[in-house]
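**Student:** Model the structure of this input:
(chains A, B, C and D)
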Protein chains: 2
Amino acid sequence: MLEVFRKYIESKVALSDEGWALIESVCIIKKLRKQQFLLQEGDVWRYHAFVCQGCLRRYSIDDKGIEHILQFSLENWWAGDRESLINATPSRYNIDAIEDSTVLVIRNQDYERICRDVPVFNEMANNILARSFNAAQDRINTSISLDAEEKYLRLLQQFPDLVSRVPRHMIASYLGITPETLSRIKRKVTRK
Amino acid sequence: MLEVFRKYIESKVALSDEGWALIESVCIIKKLRKQQFLLQEGDVWRYHAFVCQGCLRRYSIDDKGIEHILQFSLENWWAGDRESLINATPSRYNIDAIEDSTVLVIRNQDYERICRDVPVFNEMANNILARSFNAAQDRINTSISLDAEEKYLRLLQQFPDLVSRVPRHMIASYLGITPETLSRIKRKVTRK
DNA sequence: TACTGGTCTTGACATTTGTCAAGTTATTAT
DNA sequence: ATAATAACTTGACAAATGTCAAGACCAGTA
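**Tutor:** Numbering: from 1, shown residues only, chains lettered A, B, ... in the order given. Okay, the predicted model is just below:
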């Protein structure tokens, strides 16, 4: 499973064997069964997690007990809660596995050490954050610009694999609409 | 005006005189009249901009010609388009001044050089990005969790100064609702 | 002062989306 | 294979939000 991570890093930057040795030494492999939590609301998140296999989701729960999914993480994506990590505050989110998954976890102190000692890793880390920020901006843009149908079509176009792999009501949650609305949109769209 | 920027940096990190000398040497002060553009859709953004005075907005324009405001930048906030900057692609956004403003502009190549040569500046830059990302996550969370009224109340609570300073239809745009809806929400809220 | 342009509000109505309840289909576990 | 559970769809209706048009308000300017 570590190989997945190594391949990922090497697809981004030129990694030396020594660099990899350092990284490898701090990686913790964690298997999650479907439904199992990686993070629960109220806990402080102190890690960085990379999904080798499977699919996770991060979500909040509102006053009425409704779940709102902020992020899915498929293979080769990261998961975690940077807000809790940076501020050392209890997380407002839950992260759990949608499928049986394998996750690679690095303690934040180790992550920071690697960033210091392996320059290309640091470069990659900065890059990931920058791209994540851009993705978040794009999501805000669509959320204030588009109606429900347009948002769905856009998601379908950007992440067709995700849409087919994840239960529809979770897609609805991610889009900020109800499962019923999504169901009607889907019908309308396929009739065309 | 440079003093505003220096104060800002010093409120975040311990800045040496030599560090400041380097930073100062690459700062470009730019005055913007109300309505004037800092960035126009289609142009490539290659800078970092810090608002010393006034207020800017970043917005996209959709097929129907409607503006959608992604971000306001008051004094002591940054403005720009990281997506265009990182990918060197034409920007999808416009940035213009809502009020007469004074902006401090740094060319990206200079910014990167300062990050290299002034470690505390680099630290601050990373910190800003991390916090911006968190803010974006929070905005996504509210956008999929709350209805229009709740979003407005939350904005009012988080940035009361902004709400009172910016034209209401722009607040509506930022929230992803129409000015009419916002007007009705406001009436309903003040009656309580 | 009166004019102008932008901002804000209001009403009537249309459209979108949510809610609730029921029933169907698909998946999972025993 | 069967039962149990979750996922999905559908309809009827309610609530939220958008659209359009008109007028009120306000600030800057001739």
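**Student:** residues in contact with the residue most central in space within chain A?
**Tutor:** Most central residue of chain A, judged by C-alpha distance to the mean C-alpha position with CA atoms, centre = their mean, is A:S73 at 3.3 Å. Applying CB atoms under 8 Å, 6 or more residues apart in numbering or on different chains to A:S73 gives the contacts A:51, A:55-58, A:79. In this view, the C-beta of every residue, glycine as well, is placed from N, C-alpha and C.
**Student:** swap the cut-off to 10 Å and go again
**Tutor:** For A:S73, the contacting residues are A:38, A:49-51, A:54-58, A:79-80, A:95, A:97-98, A:101, A:103, by CB atoms under 10 Å, 6 or more residues apart in numbering or on different chains.
**Student:** So which of the residues you listed belong to strands?
**Tutor:** When strands are assigned by DSSP state E, the members of the contacts of A:S73 inside them are A:38, A:49-51, A:56-58, A:79, A:95, A:97, A:101, A:103.
**Student:** returning to that earlier point: list buried members of the contacts of A:S73 by neighbour count.
**Tutor:** Among the contacts of A:S73, those scoring as buried are A:38, A:49-51, A:54-58, A:79-80, A:95, A:97-98, A:101, A:103 (criterion: 16 or more other CB atoms under 10 Å in any protein chain shown).
**Student:** A:A148 contacts A:L182, correct?
**Tutor:** Yes - taking contacts as CB atoms under 10 Å, A:A148 lies within contact range of A:L182: 7.6 Å.
**Student:** Overlap of the contact sets of the two?
**Tutor:** In the contact map built from CB under 10 Å, 6+ apart, the residues linked to both A:A148 and A:L182 are A:172, A:175.
**Student:** Between those two, which has more neighbouring residues?
**Tutor:** Under the criterion of other CB atoms under 10 Å in any protein chain shown, the comparison of A:A148 against A:L182 puts A:L182 first, with 21 against 16.
**Student:** from the ones in strands among the contacts of A:S73, which is closest to DNA strand C?
**Tutor:** Relative to DNA strand C, the closest of the ones in strands among the contacts of A:S73 is A:A97; by CB to the nearest atom of the strand it sits at 12.7 Å.
**Student:** Near the residue nearest to the closest one when sequence neighbours are not counted, how many other residues are there?
**Tutor:** Taking CB to CB, 6 or more residues apart in numbering or on different chains, and ignoring the residues beside it in sequence, A:A97 has A:L32 as its nearest neighbour in space, at 4.0 Å. The tally of other residues near A:L32 (other CB under 10 Å) stands at 21.
**Student:** per-residue confidence at A:L32?
**Tutor:** pLDDT recorded at A:L32 is 95.
**Student:** Is it bridged to anything, and to what?
**Tutor:** Under DSSP bridges, the beta-bridge partners of A:L32 are A:S101.
**Student:** show me the contacts for it.
**Tutor:** A:L32 touches A:38, A:51, A:53-54, A:56, A:95-103, counting by CB under 10 Å, 6+ apart.
**Student:** just checking, what packs against the helix-or-strand element of chain A with minimal mean pLDDT?
**Tutor:** When each helix and strand of chain A is scored by mean pLDDT, DSSP states H and E, helix A:179-191 comes last, with a mean of 93. Judged by 3 or more CB pairs under 10 Å, 6 or more residues apart in numbering or on different chains; DSSP states H and E, the packing partners of helix A:179-191 are helix A:148-158, helix A:168-175.
**Student:** Output those in TSV; the columns should cover distance to DNA strand D and mean pLDDT.
**Tutor:** Compiled in TSV, these are given as follows (distance: least, CB to the nearest atom of the strand, whole Å; pLDDT from 0 to 100):
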stretch	distance to DNA strand D	mean pLDDT
helix A:148-158	11	97
helix A:168-175	3	98
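**Student:** Contact partners for A:S173?
**Tutor:** A:S173 makes contacts with A:57, A:59, A:66-70, A:166-167, A:179, A:182, B:144-145, as judged by CB under 10 Å, 6+ apart.
**Student:** Which positions in chain A make contact with DNA strand D?
**Tutor:** Proximity of chain A to DNA strand D, by CB under 7 Å from any atom of the strand, involves residues A:167-170, A:179-180, A:182-184, A:186-187.
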